[in-house]
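S.K.: Give me the fold of what follows.
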Amino acid sequence: MKRVSYFELLSRAAPAQSASRAAESNRLFAESHRKHPKELAPSVQALAEYVKRPENEFLRIYIGSMLDEANQKNSLNIKTPADFFQQLDNALTSLPKYDSNFMAALPFYTVLQPFMENSYGWAFFTNEAIRPYFADILKAYHTNLETPASLAYLNDSYGNWLSADARQYLSLDEYVYNPCEPHGGFKSWNEFFIRKFKDFDASRPLAPDPTGKVVISPVDGQVWKISKQVQREATFDIKGEQYYLTDLLAEDAASPLLRPFVDGLAVQIVLMPFNYHRWHSPVTGKIKKVKTVPGYFFAQPAPNQDYAASFPFLSHVNTRTIVFIEPSNPDIGEVAVIFVGLTEVSSCKATVKEGDSVQRGDEIGHFAFGGSTCCILFDRSKIASLSITDNPSLSDGASGSGEKLDNIVMVRQNIASAL
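M.R.: Numbers count the residues shown, from 1 in each chain. Modelled structure (predicted):
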């Protein structure tokens, strides 16, 4: 079975994918019970009530116009503002379903992408005032995925997450789970999502480091972009092609935390939903600072721009956790790792704190459900070489697919060497 790439899955340039998203959104709407507005989840009701305030006429215009634009592209069941809030509630209570192209597994992305990609939707989702409401909606969604009720599709019947097909697709036999226990022994969907390897050293062996200068990947995934000249700050609006330290790291331009990375090196890795979603330290050293930056959840750099091409932009504006590390070996230089939530992922959980010592390969945190991305910053003057490329057309980003390509990385494998 072919694993669908992030580029293919998220790019609006693919008409077939756009039509698939519309079909899946329509299925969810048709199969869900229509509720009275007062029956909607409290977090959805709060957003609806905010939009209805007299002073928020512009938000109502955005919603109505984004629905019209979306329906001009693909016929949707979501045609009115009431439909839109109903569909948000549907996504909030829907559970991820196993699907090789992951449309059914990403209900919020599937529901909202047709609206994110048009001009009025862009204005709505990037509005500062509605950001807290979506934060509450996604918190409620993640709470649902922490409950036993979230296990409905986590069984070995045909087409579900522990089926024979899924076990092969997800390489489940490498992970901690018990096929003899109900739901594989997992207590919730999120526990399944952040599952651990049975034998971590066997599945993800630590790269040899005879020189003490090897930097390893903090995550599994696909290298999406490499930049050799990271800028201190943006002169004009961010267009999604460059990295700007003040926005990326949420620090003032004069911050000493920025200094090592000016004109530095950035490596961005994208994780698919089937990837291992725990983070590991790329170097041995001390944690200088850890901070989580609240950001957007459903945003693109500009109307009608491919979501798949916008990962650099999303690293600046989405919810993210930033870990600054001072390596024990000064030859490596400073390292910063930015773990960014995409769409459903608004939960970035660091398990280290300022002052902690870490060994290369130690676990330092994890994502909650969904796809996500990770950006690593280096002092370019300290790095001798990269062992990766950034051509996203090479592969689908899957690990264990039988073909090892230069833009596919596995956690704890070598990605860079210092001088």
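
S.K.: show me the contacts for the residue nearest to residue 186 when sequence neighbours are not counted.
M.R.: Closest residue to residue 186 apart from its sequence neighbours, by CB to CB, 6 or more residues apart in numbering: residue 192 at 4.3 Å. Quick note: C-beta positions are derived from backbone N, CA and C, even for glycine. With contact set as CB atoms under 8 Å, 6 or more residues apart in numbering, residue 192 has these partners: 154, 161, 177, 183-184, 186.

S.K.: Verify the assumption that residue 192 is located in a strand.
M.R.: No - counting by DSSP: H, G, I helix; E, B strand; the rest coil, residue 192 is not found in a strand; it is helix.

S.K.: Tell me how far it lies from residue 155.
M.R.: As judged by CB to CB, to the nearest Å, residue 192 and residue 155 stand 11 Å apart.

S.K.: Overlap of the contact sets of the two?
M.R.: Both residue 192 and residue 155 are contacted by 161, 183, under the criterion CB under 8 Å, 6+ apart.

S.K.: Can you show me the helices along this structure?
M.R.: Applying DSSP state H to the chain gives helices spanning 6-10, 15-31, 42-52, 57-73, 81-93, 107-116, 119-125, 131-144, 164-169, 189-193, 200-203, 245-248, 311-317.

S.K.: Report all helices and strands that the second one contacts.
M.R.: Based on contacts counted as 3 or more CB pairs under 8 Å, 6 or more residues apart in numbering; DSSP states H and E, the elements that helix 15-31 packs against are helix 6-10, helix 81-93, helix 107-116.

S.K.: Quick one: mean pLDDT for the first one?
M.R.: With pLDDT averaged residue by residue, helix 6-10 scores 56.

S.K.: give me the low-pLDDT residue ranges for the stretch 151-300 of the chain?
M.R.: 234-241, 296-300 (pLDDT under 70).

S.K.: Centre-most residue in this structure?
M.R.: Per CA atoms, centre = their mean, the C-alpha nearest to the average position across the chain is that of residue 372, at 1.8 Å.

S.K.: about what we covered before: switch the helices and strands packed on helix 15-31 over to a markdown table; also include mean neighbour count.
M.R.: Listed next are the helices and strands packed on helix 15-31 as a markdown table, based on neighbours: other CB atoms under 10 Å:
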| stretch | mean neighbour count |
| --- | --- |
| helix 6-10 | 22 |
| helix 81-93 | 21 |
| helix 107-116 | 24 |
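
S.K.: Which one, of those, ends up nearest to residue 329?
M.R.: Nearest to residue 329 among these is helix 6-10; the distance by CB to CB comes to 33.4 Å.

S.K.: wait, doesn't residue 156 sit right on residue 172?
M.R.: No - if you go by CB atoms under 8 Å, residue 156 and residue 172 don't touch, sitting 10.2 Å apart.

S.K.: which neighbours do the two share?
M.R.: Jointly contacting residue 156 and residue 172 under the rule CB under 8 Å, 6+ apart are residue 162.

S.K.: For these two, work out which one has more neighbours and name it.
M.R.: Neighbours per residue, other CB atoms under 10 Å: of residue 156 and residue 172, the larger number sits with residue 172, 20 against 14.

S.K.: Residue 71 is nearest to which of the helices and strands packed on helix 15-31?
M.R.: Using CB to CB, the helices and strands packed on helix 15-31 put helix 107-116 closest to residue 71, at 8.5 Å.

S.K.: what about that closest one, distance to the chain center?
M.R.: Offset of helix 107-116 from its chain centre (CA atoms, centre = their mean, to the nearest Å): 14 Å.

S.K.: elements contacting it?
M.R.: Counting contacts by 3+ CB pairs under 8 Å, 6+ apart, helix 107-116 is packed against helix 15-31, helix 57-73, helix 81-93, helix 119-125.

S.K.: Pop the domain breakdown of this structure in here.
M.R.: Domain assignment for the chain by automatic domain parsing gives 6-144, 151-187, 207-418.
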